[in-house]
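Enquirer: What shape does this take:
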Amino acid sequence: MSTSLSHGKPDSSPLLAKVLTAHGGLENWQRVRSLRADIVLGGPFWSMLGWAHAELKLTASLDSRREHITLAPFTAPDRIAVFDVEPQRLSIQTTNGVLVEQRDDPRSSFPPFDLATTRWDPIQVAYFLSAAHWNYLTQPFSFTYPGVDVHEIEPWDEGGQMWRRLAVRFPETNANHNPDQLFYYDTDFMLRRMDYAPEVTANSPVAHYTHDPKTFDGLVFPTRRRIHTRDGDGIADQSLAAITLDVAKVTIEATKPIRQSDQQPTQEGTTS
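Expert: The predicted structure follows:
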C-alpha cells in the first residue's frame, strides 16, 4: 500500500453503497486522518501458540490512509509495536523511541503452521495483530481504496436470516490475512460476518462474526468479534471462539467535523 493512499471510487455495487452509508458514509470517512481503538483480545489461540499473554489489552492507533499502525503496550508497559508497509517492517520499541528489535518482511518469517507445535515470537504476534486490526478498523471504507476489487455475490442463509455478501479481493500491497475474503451484511447493512483463511495459519478457514455495532464520532464499528473455524460448506463451529476481540472505545482525529446521522447505532465518542 502506498505511503500516500488516496481514496478510489466506490464499487458500483448497490450493496456496497448502502453499506458505506450505514457505517457513517464515505464522505465522513474521507475526513478521517487517524483513529485510536481500545481493544481486549482473548481466546485459547494465543496460549496454544506459546504466547504468555492470554489476554491482551491494547490501544491500536492507525493512519486511515496508509497501512501504519501501532499497538501499545506490547510485551511490556513501556513498549510499543510499530508496523509499516512499503517496505513491510515491524519494530518493537520503547515509548521514548529506543529500538528493541526489528524485522523487515516479517510475514516471511512465519514457520509452517501446526497448532500443536507452532510457536510465534513477539514480532510475529505483533505482525498478525497489526495487519488484521488495520484492516478491521478501516473496513468497509478501505474497500474503496485503489486496487481493491469488490462485487456482490449470492446471499447466505444464516439460521433463517438472509445476509447479503460482498466478495472482496485485496491487492498484494495490502498486508492482510489473505487476498480473497467474504463479508456478510444484514438487512440494516451492518457487518455480521467475515470469511477468510489466514496464510500464516496454513490457510485454515475462519468465520469471523461481528456483534454490537456502535457509533463513535459518526462512524460505526462492531464492538464484539468472535472468530470460529468453519468447514468446507461455510458452516461455522460456534461452540468455541478461538479468538475474541472486544472494542471499548474508538477515538477519531478528523480534518473537519464529522456529520452525525440519526440512522446509526449510538455510542459516545470523541473527535480530536
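Enquirer: List the residues that contact the residue lying closest to L58 once chain neighbours are set aside.
Expert: Nearest non-adjacent residue to L58, counting by CB to CB, 6 or more residues apart in numbering: L71, 5.0 Å away. Every C-beta, even on glycine, is put in place using the N, C-alpha and C of the backbone. Counting by CB atoms under 8 Å, 6 or more residues apart in numbering, L71 makes contact with L58, T59, A60, I80, A81, F83, A126, L129, S130, H133.
Enquirer: In a strand, L71, correct?
Expert: Yes: looking at L71 with DSSP: H, G, I helix; E, B strand; the rest coil, it is inside a strand.
Enquirer: Can you give me the distance of it to W46?
Expert: Separation of L71 from W46 (CB to CB, to the nearest Å): 14 Å.
Enquirer: What of R31?
Expert: For R31 relative to W46 (CB to CB), the value is 35 Å.
Enquirer: where exactly do the strands run in this structure?
Expert: 32-42, 56-63, 69-72, 79-84, 89-94, 99-104, 149-158, 161-169, 180-185, 191-196, 206-216, 219-229, 243-254, 270-271 (DSSP state E).
Enquirer: which sections of the stretch 51-200 of the chain are below the confidence cut-off?
Expert: In the predicted model, the stretch 51-200 of the chain carries pLDDT under 70 at residues 52-55.
Enquirer: Was I right to think Q93 contacts R79?
Expert: Yes: assessed by CB atoms under 8 Å, Q93 is found in contact with R79 at 6.8 Å.
Enquirer: now the closest residue in space to D157 that isn't next to it in sequence: how far from P179?
Expert: Of all residues not flanking D157 in the chain, W163 sits nearest, at 7.9 Å (CB to CB, 6+ apart). Relative to P179, W163 is positioned 22 Å away (CB to CB).
Enquirer: Tell me which of the two has more neighbours.
Expert: Set side by side, W163 and P179 show more neighbours around W163, with 18 against 14, by other CB atoms under 10 Å.
Enquirer: follow-up on the earlier one: could you dump the strands of the chain into a markdown table and include distance to P122?
Expert: Below are these laid out as a markdown table (distance: least, CB to CB, whole Å):
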| stretch | distance to P122 |
| --- | --- |
| strand 32-42 | 14 |
| strand 56-63 | 12 |
| strand 69-72 | 11 |
| strand 79-84 | 8 |
| strand 89-94 | 6 |
| strand 99-104 | 8 |
| strand 149-158 | 34 |
| strand 161-169 | 30 |
| strand 180-185 | 26 |
| strand 191-196 | 23 |
| strand 206-216 | 23 |
| strand 219-229 | 21 |
| strand 243-254 | 17 |
| strand 270-271 | 31 |
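Enquirer: wait, which of the ones you listed is closest to P111?
Expert: strand 99-104 (13.7 Å; CB to CB).
Enquirer: Partner strands of that closest one and their direction?
Expert: With DSSP bridges as the test, strand 99-104 is paired with strand 89-94 (antiparallel).
Enquirer: Good, wrapping up.
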